[in-house]
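1. return atomic coordinates for the entry below.
(chains A, B, C and D)
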Protein chains: 2
Amino acid sequence: MTDEPLVYVLDDEPEILKALTRLLGAAGLKVRGFTSAQEFLAHERHPGPACLVLDLAMPEIDGLEVQERLRRGGVQLPIVFLTGHGSIPLSVRTLKAGAEDFLTKPVNATELLAAIRAALQRASAQQIEYVELETLRQRLASLTPREREVLDHVIAGKLNKRIAADLGTGEQTIKVHRGRLMRKMGVRSVVELARMAERLGRTPMA
Amino acid sequence: MTDEPLVYVLDDEPEILKALTRLLGAAGLKVRGFTSAQEFLAHERHPGPACLVLDLAMPEIDGLEVQERLRRGGVQLPIVFLTGHGSIPLSVRTLKAGAEDFLTKPVNATELLAAIRAALQRASAQQIEYVELETLRQRLASLTPREREVLDHVIAGKLNKRIAADLGTGEQTIKVHRGRLMRKMGVRSVVELARMAERLGRTPMA
DNA sequence: GCGGCTATTGGACCTTGGTGAAATGGGTGC
DNA sequence: GCACCCATTTCACCAAGGTCCAATAGCCGC
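-> Residues are numbered from 1 along each chain as shown, chains lettered A, B, ... in the order given. Alright, predicted model coming up:
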């Protein structure tokens, strides 16, 4: 949680990569550079907040595909595109696909640093969100099947009596399940439970 | 609610405006054209879903400023930028500011129509969201000050006893307020109330 | 002032929610 | 088989929520 932020830099030209690494390092950022997309994609993920400075034009796997693969892999890594031969359609496409920024070479150091800081801030927020949701998911997974069923009916706003009828059991039973699932989910009121369900509900995966 | 979608087109060059209007009209879209930003900004808003095809380079008030003024005015109108002399920084800036798309002249008709349809769909979703929130806000406004206070404590998950103590009154009183505010808000369970509060809470204005 | 309105409050009464103790039954490991 | 764990269920009891009825107090228009 207190992991240091990390900036990945992916550019196939070693000199540019070196220059970028030096620039960012001088600004106090921890940097990890790659010259090939395969190498980067195979690399293990940084545990803390991270972002990616990504060159668009690269052999074999270009920046667009790196973005697409990360997305498909469920990796939410804020991306700052950096390219020498960009175009408006490309910038539009990457931004609509969720990129944090799109800069052109030669890049202004201040601009790049600002973009990276914004990306890292977003990464940080995403990570907090992810960790919180993970906790909730774990709690949800600790419920027994029956408790899970009762939970669904509770957050639908039904009365215990009604839930009992729907599940073909007694009202007292529902109360016990209800009490137990509340404790397991770590909430003390239905309101909190509803909020929690709301957060879990509107997030397919994070 | 069943209002026909409308496409605003704002371009200072009359010939281009005319061509765009004809193109969109031929595609079955209802179009309203303007050649000056002042004229457009002064114009009354369409009641149904709408979007704006916006030229970037215009005298006096340019596209960027139109976007900014709409944003400041709280108008959520999806914008498709259309420009002859765009640049990557400009496209990035407008998209980050929430523009739906950024196209360059001469524009491909298919592309433009696709962008407009996407913008109208977004507008439609925004409008549904807005109408629903407006209903909730009206209900919230129909509460008496005391009921509003009780609501705050209820959605904080507090017990009636506790609420009574916090507000310096009796528990029975809270129950009455509670029952009334539930009816006024149109909900039958605390869960629904919590959801409603959640939606109202995370939206400063819409 | 007076009638009418609304907000706030309280009591009596019933319904619903919540908890502790405990029984039943299905698996698992030995 | 036996001991054990876990999920599910039930009972009895108490706490909290919810509603009907009614009183009080302030405010507005006439």
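2. residues near the residue nearest to residue A:63 when sequence neighbours are not counted, how many?
-> In space, and not counting its chain neighbours, residue A:63 is closest to residue A:56: 3.9 Å by Cβ to Cβ, 6 or more residues apart in numbering or on different chains. Bear in mind the C-beta positions are built from the backbone N, C-alpha and C, glycine included. Residues lying near residue A:56 (other Cβ atoms under 10 Å in any protein chain shown) number 23.
3. and residue A:56, how far is that from DNA strand C?
-> 54 Å (Cβ to the nearest atom of the strand, to the nearest Å).
4. and that residue, what pLDDT?
-> We have a pLDDT of 94 for residue A:56.
5. then residue A:167?
-> 93.
6. equivalent analysis for residue A:77, please.
-> For residue A:77, the model assigns a pLDDT of 96.
7. skipping adjacent residues, who's closest to it in space?
-> Residue A:77's closest residue in space is residue A:52 (Cβ to Cβ, 6+ apart), at 5.2 Å.
8. list the contacts of the one you found.
-> A:7-10, A:40, A:66, A:70, A:77-80, A:119 (Cβ atoms under 8 Å, 6 or more residues apart in numbering or on different chains).
9. which element, helix or strand, includes it?
-> strand A:50-55 (DSSP states H and E).
10. now that strand, how far from the chain's geometric center?
-> 15 Å (Cα atoms, centre = their mean, to the nearest Å).
11. repeat for stretch A:84-99
-> Worked out by Cα atoms, centre = their mean, stretch A:84-99 lies 21 Å from the chain centre.
12. is it up against chain B anywhere?
-> Yes. Stretch A:84-99 is in contact with chain B by Cβ under 8 Å from any Cβ of the partner chain, via A:86-89, A:91-92, A:95-96.
13. give me the buried subset of those.
-> The neighbour-count test (16 or more other Cβ atoms under 10 Å in any protein chain shown) marks A:86, A:88, A:91-92, A:95 as buried among the residues of stretch A:84-99 next to chain B.
14. could you check the lengthiest helix in chain A against DNA strand D for contacts?
-> Ranked by residue count under DSSP state H, the longest helix found in chain A is helix A:109-141. No. For helix A:109-141 and DNA strand D, the contact criterion (Cβ under 7 Å from any atom of the strand) is not met; the two come no nearer than 10.7 Å.
15. that helix near chain B at all?
-> No. Residues of helix A:109-141 are not located near chain B by Cβ under 8 Å from any Cβ, the shortest gap being 9.1 Å.
16. and the following helix or strand past that helix, what does it pack against?
-> Counting by DSSP H and E, the next helix or strand C-terminal to helix A:109-141 is helix A:145-154. The contact analysis (3 or more Cβ pairs under 8 Å, 6 or more residues apart in numbering or on different chains; DSSP states H and E) places helix A:145-154 against helix A:160-167, helix A:171-185, helix A:190-201.
17. measure how far helix A:145-154 is from the centre of its chain, please.
-> That offset, for helix A:145-154, works out to 28 Å (Cα atoms, centre = their mean).
18. avg pLDDT for that helix?
-> According to the model, helix A:145-154 has a mean pLDDT of 95.
19. repeat that for stretch A:7-26.
-> On average, stretch A:7-26 scores 96.
20. can you check stretch A:95-114 too?
-> 96.
21. got the domain boundaries for chain A?
-> Using automatic domain parsing, the domain parsing of chain A gives A:6-130, A:142-201.
22. in three-state terms, label the residue nearest the centre of chain A for me.
-> Centrality entry for chain A: nearest residue to the mean C-alpha point is residue A:76, 3.9 Å, by Cα atoms, centre = their mean. Following DSSP: H, G, I helix; E, B strand; the rest coil, we place residue A:76 in the coil state.
23. now swap in the one 10 residues further on and tell me
-> In three-state terms, and counting by three-state DSSP, residue A:86 is coil.
24. from residue B:47, how far out is residue A:77?
-> 42 Å (Cβ to Cβ, to the nearest Å).
25. hmm, I typed the wrong one, I wanted residue A:6.
-> In terms of Cβ to Cβ, residue A:6 sits 50 Å off from residue B:47.
26. likewise residue A:102?
-> 36 Å.
27. residue A:13 too?
-> For residue A:13 relative to residue B:47 (Cβ to Cβ), the value is 54 Å.
28. and the residue nearest to the residue nearest to the centre of chain A when sequence neighbours are not counted, how many neighbours?
-> Closest residue to residue A:76 apart from its sequence neighbours, by Cβ to Cβ, 6+ apart: residue A:126 at 5.2 Å. Close neighbours of residue A:126, defined as other Cβ under 10 Å, add up to 15.
29. residue A:183 too?
-> Other residues close to residue A:183 by other Cβ under 10 Å number 10.
30. and it, how far from DNA strand D?
-> For residue A:183 relative to DNA strand D (Cβ to the nearest atom of the strand), the value is 12 Å.
31. what's the distance between that residue and residue A:110?
-> 52 Å.
32. might you report the residue contacts of the nearest residue to residue A:197 once chain neighbours are set aside?
-> Closest residue in space to residue A:197, ignoring its immediate chain neighbours: residue A:155 at 4.4 Å, by Cβ to Cβ, 6+ apart. Residue A:155 makes contact with A:193-194, A:197, B:191, according to Cβ under 8 Å, 6+ apart.
33. at 6 Å instead, please
-> Contacts for residue A:155 (Cβ atoms under 6 Å, 6 or more residues apart in numbering or on different chains) come out as A:194, A:197, B:191.
34. repeat for residue A:27
-> residue A:113.
35. now do 10 Å
-> A:7, A:109-110, A:112-113, A:116-117 (Cβ atoms under 10 Å, 6 or more residues apart in numbering or on different chains).
36. do you know how far it is from residue A:92?
-> 29 Å.
37. do residue A:52 as well
-> Residue A:52 is 19 Å from residue A:92, by Cβ to Cβ.
38. one more: residue A:111?
-> Taken as Cβ to Cβ, the span from residue A:111 to residue A:92 is 19 Å.
39. also residue A:148?
-> 43 Å.
40. and for residue A:197?
-> From residue A:197 to residue A:92 the distance is 37 Å (Cβ to Cβ).
41. which residues of chain A lie near DNA strand D?
-> A:144-147, A:167, A:169-170, A:172-173, A:175-177.
42. out of these, which end up buried?
-> Applying 16+ other Cβ under 10 Å to the residues of chain A next to DNA strand D flags A:146-147, A:177 as buried.
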